[in-house]
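# Sequence first, then the predicted structure, then my questions.
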Amino acid sequence: MITLVVALAVGAALFGIGLYGALSQTNLVMIMMGVEVMLGGAMVNLVAFWRFLHPEVFSGQMFVLVVMTVMALEMAVGFGIGTSRFRSVGSVEMEEARELKG
Amino acid sequence: MTVQTVLQTFFLAFFGLAAIWFAVVVFRTSSMVRSALALLFSQTAIGAMFLAMQAEFLGVLQIMMMATEMAIMAIFMVMYMMDPGGLGEMDMTHQKRLSQVAGVVGAVAALVVAFFAGWGPVAGSAPGAFEQTRLLGLEIMERSMLIFETAGVTILTAMIAATATAIAVREVRKRGEGE
Amino acid sequence: MTVAALAILGPLAVAAAILLLRRGAAALAVTGSSLGLLAAGFTLARVAGGARYEATLPGLPEFPLRLVADPLTATLSTVVAVVGALVMLYAVGYMGEEHDKPRFYAGMSFFVAAMQALVLAGDWVLLLGAWELIGLSSYLLIGFWYEREGVASAATRAFLYTRTADLGLYAGIFVLVTQAGTTEISETLQTGGAAALVAGLLLLVAAASKSAQTPLSGWLQDAMAGPTPVSALLHSATLVAAGAILMIRTSPLLPQGVLLVAGLLGGITILVSGLTAVAESDLKRLLAASTSSQYGFMLLAVGAGSPVAAALHLAAHATIKSSLFLGAGIFQHARGSTGFDDLGGVGRDRRLVFYGFVISGLALAGVPPLSGFFSKDAIIAASFDSPYAALFGPLALAGTLLTGAYVARAVRLLWRGEGRSESVSGARWMGAALAALVALAATLGLALGPLASLLASELPEGLLGAALGLLAGLAGLALGWFVPAGRLLGPAREVVGRGFRIGGGFDGLVARPALALGRAADTFDRGIHAVAIAVGQGTMDVALALRITDERGIDGLIAALVRGTRNLGGRARGLQSGLVHKELVLAVVGGAAILVFAAAAALGA
């Protein structure tokens, strides 16, 4: 029981830190890193739930695989966009990205 | 409380703290390379946590993937960042107060749920590593086949999208302009 | 009846032909009226032999038009035809050097046709129509020389006088027709009682204006502005006769009261117009006044109860007066005007014409054995036989005196003076017609007896009356020859010279008040108009104000709405900063909200 709570606590902390990073960073890459951290926290929670509540059901692990895939994809596409932006504007600072202002 | 449980708890706490501390370092340091490396270590700690929770496949997968990803990220960071070395000591954050509040609120909410939700009986043991892998494979191939297929298509799409986005735009010469 | 109708249709067809062809107008006109004369004469012969003709033509629904040829209408038709034909012949010479002859001859032929229709009419509708048409022809013919000064106004004056009094005819016919239920004249003459009195008086009004009786005689003097053939035909023998004809034909209807009024009216006219004739300085105007006076005699005869005497005097007077006018026309051509100042001595130049003139004049004055003696004698006898002999007798005798006076005066003025020898074109035509009419004037007296028996009435006779009349006539002739007009009239000279204007005359009594009334009505009308416009304007202003407030109100509302929405949009725009971190914050907040809801739902369930 306590193990589970510890794991969940870690997950919670990681989520909070990741959220802080995603919202407060100006650089695209840093934002993506914040998202990575958040996803990591989510993964910790998932594995904890799997291990301590339903170890016999492997859809938990399946979920984790999917999240990992998403992490990788997100980074790939994000870097693609970052590259394109860097080429057109010369920096990936999000403060300057006002083109979609309504 | 069995020894196994105590050990598990200890390692979880240890690697958990490590993950948290390195995550904090990611955002506190102004050097880009250090930031990337800190993230690498954080993810690796998470992978260790997986191993501690007897999800061997996932743990190994996590460590391998994160290592590669972070290395690539480090390269990209050096390419695109204004001050990769972090020697300029600029504050590269905005809406700091808001973000802090958001982070704290999110963490606290999750903690509250973690502490006060009735999780029910905790499972004592998990299948062995070999067994796990086999069962996971079966899971993928039987029940979650659709998910995996979808994931495969999604991966393909993302690869194409990323490649397309990253291709340099060639100057299109208009017809009729002088040779 | 077709033969009798030819008297109408002949001249009518000729009028149309003249208007269409515009050539040979004179020849056509003479042919037309000769044809009419033959037809009328033939009809008279037949009627005298005992035939009576009637014809019904389609007219208004329920009121067909009728033509009737009985002794009275046949006689009158012949008179009209004779005078018409001879005057037309005369006109060939008189109008020899005029332009626009087609208009003249067409008008004359049309007039003859209309007059015949009036005389032969058997129902009121046709009579009324013909009455109006002769008024129209008179207007057109008087105004023949419309470019000359005063002619157009004279024609208008004649038209308006007669037209206004025609209201009497309309009203009278209306009364008769509604009483009798049919428009046939002989039927309506059976009406009695109050309707007869009212109708009789109304008809008298119309007759009085048409026959130029006092006080409606002013137009006849001015009508002399037309060509002399017009004066000879219309204004001596036929058109003015229409009034007397009306009275003669309706005499069976008239009660005693109307007869008294008619007689008095006639008597007053005899005196007034006789005095005017004595004072006139223009030959044609003198003859016009004489015409008024003679028709006064006819009305007096009707009032005295002897319409036969009136009819005979009508026939005699037609020939006499038209021959006098024809003579005057020849004198006019010789000297270029009809004023006595210019005509002095013209009698010496044109002896033959002058002798004819004298013969007709003596006939008018009532000298035997000329026709005028017999007819005037009949009238005087009738007046003495009537219930009102005390009134009518002296009036008739005074009239005879005055007739002699102005005839002699005219003859004297034409004779005294130096002769000038001037040639007159067309003298042969004019002379021939004149001669024929003078002959008729002289000899018609022989026919009066048979005519009276034809009309199935006794000719009044009285030795005393005849003697007194002859005496009066001779005395008048002597007075007129020897005594100048001024001395003759004495104290009445001024009144006569003014045209017997009393109390401001027509101008002061009728015209000015009518105009003032008209002006007052106009002002009133303008006032109402202004009020209506103001009301409309006020309504428009109110509408405009409403519209403005409405527009402002609604516009204001809508504008406020628009502004509000814009503001709202502007504020909502703040969310769309385009900055990634802000968007992320929104995502986080939204996600948290969703989670809270889900948790609440899960916990609640």
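Ah, there it is.
# What is the neighbour count of the closest residue to C:Gly426 other than its chain neighbours?
In this structure, C:Gly426 finds its nearest non-sequential neighbour in C:Gly93, 2.8 Å apart by C-beta to C-beta, 6 or more residues apart in numbering or on different chains. In this view, the C-beta of every residue, glycine as well, is placed from N, C-alpha and C. C:Gly93 is flanked by 25 other residues according to other C-beta atoms under 10 Å in any protein chain shown.
# Ok, C:Leu515 next?
11.
# now swap in C:Ala311 and tell me
31.
# and the residue nearest to C:Gly426, what helix or strand is that in?
helix C:71-94 (DSSP states H and E).
# how much distance is there from that helix to the middle of the chain?
20 Å (C-alpha atoms, centre = their mean, to the nearest Å).
# mean confidence for it?
For helix C:71-94, the mean per-residue pLDDT is 88.
# Repeat that for stretch C:277-289.
Here the average pLDDT along stretch C:277-289 is 87.
# contact partners of it?
Residues from elsewhere that reach stretch C:277-289 (C-beta atoms under 8 Å, 6 or more residues apart in numbering or on different chains): C:212, C:217, C:220-221, C:223-224, C:228, C:231, C:235-236, C:273-274, C:276, C:290, C:293, C:321, C:324-325, C:328, C:331-332, C:338-341, C:343, C:402, C:405-406, C:409-410, C:414, C:480, C:485, C:488-489, C:493, C:496-497.
# now do stretch B:147-166
Stretch B:147-166 is contacted by residues A:62, A:65-66, A:69, A:73, A:76-77, A:79-81, A:83-84, B:140 when judged by C-beta under 8 Å, 6+ apart.
# same thing with stretch C:170-182?
Contact with stretch C:170-182 is made by C:63, C:124, C:128, C:183, C:187-188, C:190-191, C:195, C:198-203, C:206, C:253, as judged by C-beta under 8 Å, 6+ apart.
# got the buried residues for that stretch?
For stretch C:170-182, a neighbour-count test (16 or more other C-beta atoms under 10 Å in any protein chain shown) marks C:Ala171, C:Gly172, C:Ile173, C:Val175, C:Leu176, C:Val177, C:Gln179, C:Ala180, C:Thr182 as buried.
# Setting aside sequence neighbours, what's the nearest residue to the one residue in chain A that gets nearest to chain B?
Going by C-beta to the nearest C-beta, chain B is nearest to A:Gly16 of chain A, at 2.8 Å. Using C-beta to C-beta, 6+ apart and skipping residues adjacent in sequence, the residue nearest A:Gly16 is B:Ala107, 2.8 Å away.
# what's the distance between the one you found and C:Ala511?
B:Ala107 sits at a distance of 119 Å from C:Ala511 (criterion: C-beta to C-beta, to the nearest Å).
# Can you list the low-confidence ranges for chain C?
Scanning chain C for pLDDT under 70 picks out C:421, C:458-460, C:485-508.
# max-length helix in it?
Criterion DSSP state H: the longest helix present in chain C is helix C:512-573.
# Which strands and helices lie in contact with that helix?
Based on contacts counted as 3 or more C-beta pairs under 8 Å, 6 or more residues apart in numbering or on different chains; DSSP states H and E, there is no element that helix C:512-573 packs against.
# Find the helix or strand that B:Gly85 is a member of.
Using DSSP H and E, no helix or strand contains B:Gly85.
# give me the number of residues near the closest residue to it other than its chain neighbours?
Closest residue in space to B:Gly85, ignoring its immediate chain neighbours: B:Ser31 at 5.9 Å, by C-beta to C-beta, 6+ apart. For B:Ser31, the count of nearby residues is 16 (other C-beta under 10 Å).
# surely B:Ser31 meets B:Val78?
No - counting by C-beta atoms under 8 Å, B:Val78 is not a contact partner of B:Ser31; they are 10.5 Å apart.
# which one of the buried residues of stretch C:170-182 is nearest chain A?
C:Ala171 (94.0 Å).
# quick revisit: could the buried residues of stretch C:170-182 be laid out in a markdown table, adding secondary structure?
Shown next, in a markdown table, are those (DSSP: H, G, I helix; E, B strand; the rest coil):
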| residue | secondary structure |
| --- | --- |
| C:Ala171 | helix |
| C:Gly172 | helix |
| C:Ile173 | helix |
| C:Val175 | helix |
| C:Leu176 | helix |
| C:Val177 | helix |
| C:Gln179 | helix |
| C:Ala180 | helix |
| C:Thr182 | coil |
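# got the residues you listed as JSON lines, with distance to C:Gly469 columns?
Output for these, formatted as JSON lines (distance: C-beta to C-beta, whole Å):
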{"residue": "C:Ala171", "distance to C:Gly469": "37"}
{"residue": "C:Gly172", "distance to C:Gly469": "33"}
{"residue": "C:Ile173", "distance to C:Gly469": "36"}
{"residue": "C:Val175", "distance to C:Gly469": "37"}
{"residue": "C:Leu176", "distance to C:Gly469": "36"}
{"residue": "C:Val177", "distance to C:Gly469": "40"}
{"residue": "C:Gln179", "distance to C:Gly469": "39"}
{"residue": "C:Ala180", "distance to C:Gly469": "39"}
{"residue": "C:Thr182", "distance to C:Gly469": "42"}
